[in-house]
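Visitor: Predicted structure and sequence below. I'll ask about it afterward.
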Amino acid sequence: MSKLWANSGDSHFLEPEDLWRSNLPPHLAELMPRSERDPSGEFETVHVDGQSFTRKLPGAAQAEFLEASSRAPGARDVAKRIVDLDEEGIWGEVVFPSLGMWNASFRTREALREAIKVSNDWACSEILRASPRMVPTAQISMLSIEDAVAEVERTAELGFRAVFLPTTPPSSTPDYNRDDWEPFWSACEAARMVVAFHIGTDPVDFSAGENLGAFFRGPGAAVLNYTETTFSGQRATMKMVASGALDRHPDLRVLVSEGGATWVPFLADRMTEGYRQHHMMVRPKLSRSPQEILYTQVYASFQHDRSAVGAVTAMGYQNVMWGSDYPHMEGTFGHTQDTLHELFDDVDDQTRYRVTVGAFLDLFPEVGAPPALLTTT
Ligand code: MN
């Protein structure tokens, strides 16, 4: 079985847990998230930015899940990660942060702005500078669009090529279809920063206690909750298309990671029908159809989906990008070669190259194609 190589539109890095506390001045460090365990070992109290939430500690199944999601040797170490990637057959990868999940829990503008800077400076020296194969995503504050603009410009200067946005802003911040975001979209377009949404990153309400992150309860809840996270990326994309944000910024590119691919042709049909049939109510008018905007400016990464390649061959949507989701449980770590062969052995060379390499290089050309491909073709 020959080795297949691919670039990956979706991976994650675990930052040091004390990164923020140990790099911020004391008056901000004390606002950073920290956890205290109840003596019984059943509950923990999480303190973040002057708020405290008590929640049940993970049960056995959840603890096993969390452990499995960080088990890969390179989860926290770039040198070990490169060894893993070479073994798996992955060349370049988009890398999402992990501490960013706290973003929506902050209330103090200065605290979040400075914590984000620490994260980005760390990702710059430990990931971006460590290997040209890594495309770390910059983080931005979701408490102030002005701060977000400043940080996206600062990180672009450092060499970042993508910025991570949660799929929904916190309730205190305008939603992505609002014109308040216009300066941010302009800054991203001017700096050629790809807007990278990762599914399942809607704000987490830590006061929800043991219901944390659970949209559904009861029979089937694990699969229901897993599937539900997918829709957040679709909603974020719809807002950027319908509001005209992508139409006004034709050089802006959006990547939605981990959410599959056939939803883009599906949304294109629905949005184009709505735009045409409800034309008397549609504001703003767009210079191109929703389908054209989606098909040219939106990229979608998937890991196992059997239907994703068909989005290219049967639906004419070319911006389908494979992703490993390393090192998470939903990803392909440990079976990447099996997955790539299952997906691509019966696919023509041009389509396979498009999904495993070409779409990625549209967004991040400096990463290049896997050298193994260049020597054999
Ligand atoms: Mn992922």
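Guide: Happy to help now that I have it.

Visitor: The nearest residue to residue 203 once chain neighbours are set aside: what secondary structure?
Guide: Leaving out its chain neighbours, the residue that sits closest to residue 203 by CB to CB, 6 or more residues apart in numbering is residue 104, at 3.4 Å. C-beta: built from backbone N, CA, C; applies to glycine. When the structure is split into helix, strand and coil by DSSP: H, G, I helix; E, B strand; the rest coil, residue 104 lands in helix.

Visitor: tell me the average confidence for the helix or strand where residue 264 lies?
Guide: The secondary structure element spanning residue 264 is helix 263-277 (assigned by DSSP states H and E). In this model, helix 263-277 has a mean pLDDT of 98.

Visitor: Tell me how far the closest residue to residue 202 other than its chain neighbours lies from residue 139.
Guide: Take residue 202 and drop its neighbours on the chain: the residue closest to it by CB to CB, 6+ apart is residue 168, 4.4 Å away. Residue 168 sits 16 Å away from residue 139, taking CB to CB, to the nearest Å as the criterion.

Visitor: And those two? Which one has more around it.
Guide: With neighbours defined as other CB atoms under 10 Å, residue 168 and residue 139 compare such that residue 139 has more, 28 against 19.

Visitor: Find me the pLDDT at the residue in the stretch 1-150 of the chain that the ion sits nearest to, would you?
Guide: At 4.3 Å from the ion, residue 10 is the closest residue in the stretch 1-150 of the chain, using CB to the ion. Listed pLDDT for residue 10 reads 98.

Visitor: can you confirm it is in a helix?
Guide: No - residue state for residue 10 (three-state DSSP) corresponds to strand; a helix is not indicated.

Visitor: which residues does the closest residue in space to residue 243 that isn't next to it in sequence contact?
Guide: Among residues not flanking residue 243 along the chain, residue 177 sits closest, at 3.7 Å (CB to CB, 6+ apart). For residue 177, the contacting residues are 239-240, 242-243, 245, by CB atoms under 8 Å, 6 or more residues apart in numbering.

Visitor: In helices only, show me these.
Guide: Secondary structure from DSSP state H places 239-240, 242, 245 of the contacts of residue 177 in helices.

Visitor: Could you identify the pair within the residues you listed that is furthest apart?
Guide: Farthest pair in those (CB to CB) is 242 and 245. Separation: 8.8 Å.

Visitor: Tell me which of those two has more neighbours.
Guide: Set residue 242 next to residue 245 and count neighbours by other CB under 10 Å: residue 245 wins out with 25 against 20.

Visitor: What are the phi and psi values at the closest residue in space to that one that isn't next to it in sequence?
Guide: Among residues not flanking residue 245 along the chain, residue 185 sits closest, at 5.2 Å (CB to CB, 6+ apart). Recorded main-chain torsions at residue 185 are phi -60, psi -40, according to degrees, to the nearest 10.

Visitor: For residue 185, give me its contacts.
Guide: The contact partners of residue 185, by CB under 8 Å, 6+ apart, come to 195, 245, 248-249, 252.

Visitor: 6 Å instead?
Guide: Residue 185 makes contact with 245, 249, 252, according to CB atoms under 6 Å, 6 or more residues apart in numbering.

Visitor: Does the residue nearest to residue 243 belong to a helix, a strand or coil?
Guide: Classification of residue 177 into helix, strand or coil gives coil, according to three-state DSSP.

Visitor: quick one: it and the ion, what's the gap?
Guide: From residue 177 over to the ion the distance is 25 Å, taken as CB to the ion, to the nearest Å.

Visitor: Residue 313 too?
Guide: Separation of residue 313 from the ion (CB to the ion) stands at 25 Å.

Visitor: With residue 183 instead?
Guide: In this view, residue 183 and the ion are 28 Å apart by CB to the ion.

Visitor: pull the CA atoms of the helix or strand containing that residue into PDB?
Guide: The secondary structure element spanning residue 183 is helix 182-191 (assigned by DSSP H and E). Only the C-alpha atoms of helix 182-191 are listed here, as PDB (Å, rounded to 0.1, in the frame of the first residue of the first chain):
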ATOM      1  CA  GLU A 182     -16.700  45.800   8.900                       C
ATOM      2  CA  PRO A 183     -13.300  47.100  10.000                       C
ATOM      3  CA  PHE A 184     -12.300  43.600  11.000                       C
ATOM      4  CA  TRP A 185     -13.200  42.100   7.700                       C
ATOM      5  CA  SER A 186     -11.300  44.900   6.000                       C
ATOM      6  CA  ALA A 187      -8.300  44.300   8.100                       C
ATOM      7  CA  CYS A 188      -8.300  40.600   7.400                       C
ATOM      8  CA  GLU A 189      -8.800  41.100   3.700                       C
ATOM      9  CA  ALA A 190      -6.000  43.700   3.500                       C
ATOM     10  CA  ALA A 191      -3.600  41.500   5.500                       C
END
